[in-house]
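Engineer: Quick one, fold the following:
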Amino acid sequence: MEINETKIIEKCRQGHLEEFGSLYDRYIKKIYDFIYYKTHHKETAEDLCSQVFMKAISKIKGFNLDKGTFQAWIYAIARNTVIDYYRTKKNEIDIFDIWDLAVKENVERDIDTKIKLEKVVLYLKELKQKQRDIIIMRVWQGLGYREIAEILNKSEASCKMSYSRAINKLRQEMPLSLYIAFLLLN
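Structural biologist: This is a model prediction of the structure:
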């Protein structure tokens, strides 16, 4: 069932914050996944996701439909929350210690996935931050260029060009099998 975001946002802005639950239900998985791809740690992603929605509900009265979509607005909050998290973080984390794969029946497959993700992250680290953000939003989140442009406050053409350059760089530097795994790991 499609929800009418405009009506829900208006109700929330009028003080009916219980209506925010519909927006939460619609975006929780997308925002969690977005944060998880940036932190690679389940508990951290959960904590930051909670912060994102707390910020969103507390600032909903300031949301302006004329300036963009709710989705772009909530992603911008998520992105800024992750940036703030890393700014306040004092210790460096070893990339091999941050993967938090759940215990599943197919341990061999999970170990293989973990190894591939670790390798993908090493290649992604070579990209500029905005390029990484665009790839995560485009490949793993399935967002369109227009939405990505709104979130990053860039032009759609700039986002397309940045994505194209980043993908070409990954395609040239990654082994083919790893590049294919990168596209399928979502």
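Engineer: make it CA atoms for all contacts and neighbour counts henceforth
Structural biologist: Fine.
Engineer: Would you map the helices across this structure?
Structural biologist: Using DSSP state H, the helices assigned to the chain run over residues 5-13, 20-39, 42-59, 70-88, 107-124, 129-135, 145-152, 156-173, 176-184.
Engineer: For those helices, give me CSV that also has mean neighbour count and mean pLDDT.
Structural biologist: Output for the helices of the chain, formatted as CSV (neighbours: other CA atoms under 10 Å; pLDDT from 0 to 100):
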stretch, mean neighbour count, mean pLDDT
helix 5-13, 17, 87
helix 20-39, 18, 89
helix 42-59, 17, 92
helix 70-88, 17, 90
helix 107-124, 15, 60
helix 129-135, 19, 85
helix 145-152, 20, 88
helix 156-173, 16, 86
helix 176-184, 14, 58
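Engineer: Point to the residue nearest the middle of the chain.
Structural biologist: residue 34 (1.9 Å; CA atoms, centre = their mean).
Engineer: so what's that residue up against?
Structural biologist: 78, 136-137, 140-141 (CA atoms under 8 Å, 6 or more residues apart in numbering).
Engineer: Among those residues, find the lowest-pLDDT one for me.
Structural biologist: Lowest pLDDT within the contacts of residue 34 is found at residue 140 (73).
Engineer: Burial check on it, number of neighbours?
Structural biologist: Residues within reach of residue 140, counting by other CA atoms under 10 Å, total 18.
Engineer: thinking again about what came up before, want to try a markdown table for the contacts of residue 34, with distance to residue 27 as columns?
Structural biologist: Formatted as a markdown table, these follow (distance: CA to CA, whole Å):
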| residue | distance to residue 27 |
| --- | --- |
| 78 | 11 |
| 136 | 16 |
| 137 | 14 |
| 140 | 14 |
| 141 | 11 |
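Engineer: Out of those, flag the one nearest to residue 158.
Structural biologist: residue 137 (14.7 Å; CA to CA).
Engineer: That closest one: neighbour count?
Structural biologist: 22.
Engineer: What are the structural domain limits within this structure?
Structural biologist: Annotated domains of the chain cover 5-88, 101-184 [automatic domain parsing].
Engineer: for the first one, how far is the first residue from the last?
Structural biologist: Right, the one you point to is domain 5-88. 33 Å (CA to CA, to the nearest Å).
Engineer: can you give me how far that domain is from the chain middle?
Structural biologist: 11 Å (CA atoms, centre = their mean, to the nearest Å).
Engineer: Begin at 56, not 1, for the rest of this chat.
Structural biologist: Sure, I'll start counting at 56 from here, so that last one is domain 60-143.
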